[in-house]
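# Predicted model and sequence follow; I will ask about them next.
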Amino acid sequence: MAQDTLNMGTSNVLANGAEIVQRWQVGQVGKDTTETPDWIVLAKWGNEYATWRVSHDGHAYWGHYFNTYSAAMTDYQKRVRWVFG
């Protein structure tokens, strides 16, 4: 049986159905040096926006939720900057 896999570098949708608006790969630069990098993602999810840390296979965790794109983008930028301390 073939299994669908999510390519976080090219996919437009997360495993939970959220539409990816912005993404930043974490793991090969900065503080994290994992073999399978995670991502910081800004996504449209239903009627709201969310920023998540996302595993290499597309599973979202550590979410922050917002009513506006502007607030979500500000949080996304903070999260990306935090990675580089």
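Done, it's in.
# For burial, what's the neighbour tally of residue 14?
Counted with other C-beta atoms under 10 Å, residues neighbouring residue 14 total 22. Quick note: C-beta positions are derived from backbone N, CA and C, even for glycine.
# and if you look at residue 13?
The number of residues packed near residue 13 is 12, by other C-beta under 10 Å.
# 28 is where my numbering starts, stick with that
Sure thing, new numbering starts at 28, so read that last one as residue 40.
# mind checking how far it is from residue 92?
Applying C-beta to C-beta, to the nearest Å, the value for residue 40 to residue 92 is 18 Å.
# Could you report the pLDDT at the closest residue to residue 46 other than its chain neighbours?
Across the structure, with C-beta to C-beta, 6 or more residues apart in numbering as the measure, the residue nearest residue 46 apart from its sequence neighbours is residue 71 (4.5 Å). Confidence at residue 71, expressed as pLDDT, is 97.
# so where does residue 71 fall, helix or strand?
When secondary structure is defined by DSSP states H and E, residue 71 falls within strand 65-72.
# Please enumerate the strands of this structure.
Taking DSSP state E as the criterion, the chain contains strands spanning 46-53, 65-72, 75-81, 87-93.
# Sweet, I'm off.
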